[in-house]
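Asks: How does the following fold in three dimensions:
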Amino acid sequence: MVKPRVYVTRVIPDAGLERIRAVADAEVWEGDEPPPYEILLEKVEGLDGLVSLLTDRIDAELMDAAGGSLRVISQMAVGTDNIDLAAATERGIPVGNTPGVLTETTADFAFSLLMAAARRIVEGERYVKAGKWVTWGPTLLMGHDIHGATLGLIGFGRIGQGMAKRARGFGMRVLYAGPSVDEGTARELHAERRDLDELLTESDFVSLHVPLTEQTTHLMADREFKLMKPGAILINTARGPVVDPGALYRALKEGEIAYAALDVTEPEPIPVDDPLLTLDNCLIVPHIASSSLATRSRMATMAAENLEAGLKGEKLPHCANPEVYG
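Replies: Next up is the predicted model:
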């Protein structure tokens, strides 16, 4: 029996890759960087299934290049802003994603960034390695208290609520902006709803947890940074383009806000000559919020499960465009 043909756009954890190879004739892009779009156009021809990552552009042209054989696109990510979902639905192609599994891991990491930024941990480590630590100093690398501070969450879905749970342990006051949640959830998390401007003016820490849409692109720009407290700290583990990088640089350079900690950037990866990298008060890491062994393995397994269902003509366990089954 001939196995369906599948292309996997990057080496993923064995938990998923072994399962994919068991049910499909799978070709895997072995490079550390994403395959160029031109390569994807070639590889997709005649495919039955495609396993993608958020670094891959999956548009109508790519889907058409498959020649009508493509039965499923399975993305190893929660977000699908790199995929033209409308085009996939129009062509009858279900798109899988991996929701829920990375909530706690990402919330852990976002709160880690908050703590590292507040207490200037990375700056301190650099200070020691540079040989500058000669004695204890009463004003050396003074940071910001976390306990008792106000945390503003822009976006209050699973990860935003995970941040609120962690904030309770530090006695933080929690505000959120975005669609209302039910009163029971808000009460349990001791979270108060504010409009965006109110949240920005009241918060000591602002953490972003919104999807990337036309409405959220450059949600944080010059105007928003001017509303924030001079001692405020921004955390972004959502998507890079939610923050205007030029506006962030100006805000940090001119002291409109105290610090930023970013897991995501615009563009991504950030160029080594980007002005943000010249600032001591900007901590940037390479999009690793969900990068724990357990979480990434589970994401790979979910991607394999979605792929297998799609190849069999069954409904995907986790479908980003459920209207395709309408």
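Asks: if I look at the residue nearest the centre of the chain, how far off is residue 317?
Replies: A centroid search over the chain (C-alpha atoms, centre = their mean) returns residue 238, at 4.1 Å, as the residue closest to the centre. According to C-beta to C-beta, to the nearest Å, residue 238 and residue 317 sit 25 Å apart. No exception for glycine: its C-beta is placed from N, CA and C like everyone else's.
Asks: now do residue 286
Replies: 29 Å.
Asks: before we move on, what about residue 242?
Replies: 28 Å.
Asks: Can you name the residues that contact residue 268?
Replies: 240, 287 (C-beta atoms under 8 Å, 6 or more residues apart in numbering).
Asks: Now do the phi/psi pair for it.
Replies: The phi and psi values for residue 268, taken as degrees, to the nearest 10, are phi -130, psi 120.
Asks: same question, residue 201
Replies: According to degrees, to the nearest 10, residue 201 has phi -80, psi -30.
Asks: burial count for it?
Replies: By other C-beta atoms under 10 Å, 13 other residues sit near residue 201.
Asks: Wait, it touches residue 229, no?
Replies: Yes: assessed by C-beta atoms under 8 Å, residue 201 is found in contact with residue 229 at 7.4 Å.
Asks: who's more crowded, residue 242 and residue 317?
Replies: Neighbours were counted for residue 242 and for residue 317 using other C-beta under 10 Å; residue 242 has more, 22 against 12.
Asks: Just the pLDDT for that one.
Replies: pLDDT, residue 242: 98.
Asks: Count residues in the vicinity of residue 175, would you?
Replies: If we define neighbours as other C-beta under 10 Å, then residue 175 has 22 of them.
Asks: helix or strand for it, which one?
Replies: strand 173-177 (DSSP states H and E).
Asks: quick check: mean pLDDT across the helix or strand just after that strand?
Replies: Toward the C-terminus, strand 173-177 is succeeded by helix 183-188 as the next helix or strand (DSSP H and E). The pLDDT scores in helix 183-188 average 93.
Asks: go on, stretch 152-159?
Replies: So the average pLDDT for stretch 152-159 ends up being 97.
Asks: Also stretch 256-263?
Replies: Here the average pLDDT along stretch 256-263 is 98.
Asks: Over to stretch 15-30?
Replies: This predicted structure assigns stretch 15-30 an average pLDDT of 98.
Asks: Repeat that for stretch 74-93.
Replies: Computed over stretch 74-93, the average pLDDT equals 96.
Asks: neighbours around residue 84, how many?
Replies: Counted with other C-beta under 10 Å, residue 84 comes out at 19.
Asks: Got the phi and psi for it?
Replies: The phi/psi pair for residue 84 (degrees, to the nearest 10) is phi -80, psi 90.
Asks: Residue 90 too?
Replies: phi -60, psi -30.
Asks: how near is it to residue 64?
Replies: Distance from residue 90 to residue 64, by C-beta to C-beta: 11 Å.
Asks: now residue 54
Replies: 21 Å.
Asks: higher neighbour count, these two?
Replies: residue 54 (20 against 14).
Asks: Once you drop chain neighbours, what's closest to the more buried one?
Replies: residue 77 (4.4 Å; C-beta to C-beta, 6 or more residues apart in numbering).
Asks: That neighbour looks like it's in a helix, true?
Replies: No: assessed with DSSP: H, G, I helix; E, B strand; the rest coil, residue 77 is coil; it does not lie in a helix.
Asks: Tell me how many other residues crowd it.
Replies: Neighbours of residue 77 (other C-beta under 10 Å): 21.
Asks: Wait, it touches residue 53, no?
Replies: Yes: at 6.2 Å, residue 77 and residue 53 qualify as touching, with contact defined as C-beta under 8 Å.
Asks: and residue 100, what is it in contact with?
Replies: So residue 100 contacts 78, 158 (C-beta under 8 Å, 6+ apart).
Asks: Thanks a lot, catch you later.
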